[in-house]
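> Please find the sequence and the predicted model below.
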Amino acid sequence: MDIALGNIACVTYESGMVSIEDFPTDKGPVWILGKKYDMKRQRHEAKVDVVSRLWMTYRRGFANIGGTGPTSDQGWGCMLRCGQMMLAQALICRHLGRDWRWSRSKPEENYIRILKMFLDRKDSPYSIQQIAQMGVGEGKSIGMWFGPNTVAQVLRKLAAFDNWSNLAVHVALDNTVVQEDIRKVCLASPTDPVKAPCESSECSRVLPNGTAEDTNCGAGAVSKERWRPVLLFIPLRLGLNEINAVYIQRLKRCFTLTQSLGVIGGKPNHAHYFIGFVGDELVYLDPHTTQPSTSTDKWGFLQDEGYHCEHACRMSIHNLDPSIALGYYCQDEADFQAWCRDIQQVIKEQDMSPMFELTEERPSHWPPFDPGHSSMEPSFEIRELDEEPTYDSDEEFELV
């Protein structure tokens with residue numbers, strides 16, 4: 001591992017002042033996206049994990065969105081950038097694995113391919129341009145602030161065009177996760193039809209694992225459904241104006257599941273991508289830094305240092321705005337079943353209200369579910385979880 005970690009630390013905000021400090025040793029272990037780190041023995045590993053996550057920030061100097069729109073997302077694009085970070089983590093899990101770590105000197109081909117999908121260009125599938133323009137269909141004109149539910153819905157629609165990842169994206173509705181809906185999404189549109197072997201002994205042979213392989217004919221070709229990896233967004237409101245204290249411990253436990261992609265949300269006026277916690281503090285990546293737009297040079301080389309943050313931030317979980325969206329990635333059906341089992345233990349606590357409902361079947365008053373439809377939302381109105389804040393750019397940083 002060739003990551004220089006001398007300057008990696010945590011940034012904490014107290015009384016409007018910014019201070020840089022290392023992960024504390026007196027508040028217990030640090031959890032980062034389903035992985036637990038003992039700060040007395042695994043401090044270095046935790047830092048490498050944090051710096052390896054893709055960090056999306058405000059950018060300036062890109063082509064006008066829609067041809068005549070803004071050339072920077074400073075002041076309005078923070079939730080869009082947080083959505084990019086969560087999706088990028090899902091793609092890393094999909095193509096590189098959760099244990100992948102960033103290398104400055106030897107970037108992997110799939111890593112570069114993932115990163116290029118988020119460049120600020122209209123032809124990048126998950127660019128700020130694509131997200132902003134797709135948001136118009138969700139009632140958000142270009143330059144408007146998104147809430148967690150809106151950015152989740154937009155990313156769900158954009159993922160349908162990403163044939164390489166073949167990722168199913170599902171957005172839970174009305175604080176309810178319906179297992180049968182997710183199964184339908186994951187089994188829809190198989191990209192790799194599976195051939196059943198021809199029964200002729202001349203056309204098939206037995207592999208070492210005991211299965212038969214069709215060697216030279218297509219007589220047994222059939223379409224077999226395959227389970228696609230799934231990114232699950234769960235938009236929630238855990239209180240009115242502030243997070244309800246009964247949810248705090250359960251929210252922290254959400255980060256401990258191996259399928260965790262973290263949380264998008266924030267504090268009033270600022271969206272953040274939360275990747276873990278230590279004690280009662282949330283660890284997050286902050287998009288409120290403005291960097292020049294990045295593109296590849298004429299040789300296809302990409303400067304990627306600006307997509308990795310050496311200063312993770314921390315804030316008290318009590319300061320979290322109650323409107324959030326949880327994210328989870330399940331690689332296959334067994335992984336999804338394990339998540340269903342484990343999340344039940346997380347969201348419920350004695351007789352207290354659960355964070356959300358996990359049901360096997362769709363509620364009877366909901367309309368039928370069609371995984372192939374362009375919109376997977378019920379016909380009843382879905383209330384956006386957030387009010388549009390007024391931004392104070394004084395708290396933003398700019399890298400030149």
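All right, it came through fine.

> The residue positioned nearest the centre of the chain: which element?
Against the mean C-alpha coordinate of the chain, by CA atoms, centre = their mean, the closest residue is residue 86 at 2.1 Å. Assignment of secondary structure by DSSP states H and E places residue 86 within helix 78-95.

> Equivalent analysis for residue 371, please.
With elements delineated by DSSP H and E, residue 371 resides in a region that no helix or strand encompasses.

> distance of it from residue 149?
Residue 371 sits 19 Å away from residue 149, taking CB to CB, to the nearest Å as the criterion. Just so you know, the C-beta spots here come from the backbone N, C-alpha and C atoms, and that holds for glycine as well.

> How about residue 267?
In terms of CB to CB, residue 267 sits 18 Å off from residue 149.

> neighbour count winner among those two?
residue 149 (24 against 16; other CB atoms under 10 Å).

> Let me know whether the more buried one touches residue 237 as I believe.
No. The pair formed by residue 149 and residue 237 falls short of the contact definition of CB atoms under 8 Å, at 9.7 Å.

> circling back to that earlier point, for the helix holding residue 86, which residues meet the burial criterion?
With burial defined by 16 or more other CB atoms under 10 Å, the residues of helix 78-95 counted as buried are 78-95.

> same question, stretch 241-248
Buried residues in stretch 241-248, counted by 16+ other CB under 10 Å: 243, 247.

> And for it, what's in contact with it?
238-239, 251, 280, 317-318, 320-322, 349, 352-353, 355 (CB atoms under 8 Å, 6 or more residues apart in numbering).

> What of stretch 283-291?
For stretch 283-291, the surrounding residues in contact (CB under 8 Å, 6+ apart) are 10-11, 30, 32, 50, 53, 55-60, 72, 74, 77-78, 81-82, 85, 270-277, 306, 309, 312-315, 395-399.

> Buried members of those residues into PyMOL, please.
Selection of buried members from those for PyMOL, criterion 16+ other CB under 10 Å:
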select buried, resi 10+11+30+32+50+53+55+56+57+58+59+60+72+74+77+78+81+82+85+270+271+272+273+274+275+276+277+309+312+313+314+315+396
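
> Which members of the contacts of stretch 283-291 occur in helices, if any?
Using DSSP state H, 50, 78, 81, 82, 85 are the members of the contacts of stretch 283-291 that sit in helices.

> Pick the one among those residues closest to residue 172.
Top of the list for closeness to residue 172, among the ones in helices among the contacts of stretch 283-291 and by CB to CB, is residue 82 at 17.7 Å.

> Now do the buried residues in the helix or strand just after the helix holding residue 86.
From helix 78-95 onward toward the C-terminus, using DSSP H and E, the following helix or strand is helix 109-116. Buried residues in helix 109-116, counting neighbours by 16+ other CB under 10 Å, are found at 111, 114, 115, 116.

> cool, stretch 339-351 as well?
Judged by neighbour count using 16+ other CB under 10 Å, the buried positions of stretch 339-351 are 339, 343, 346, 347.
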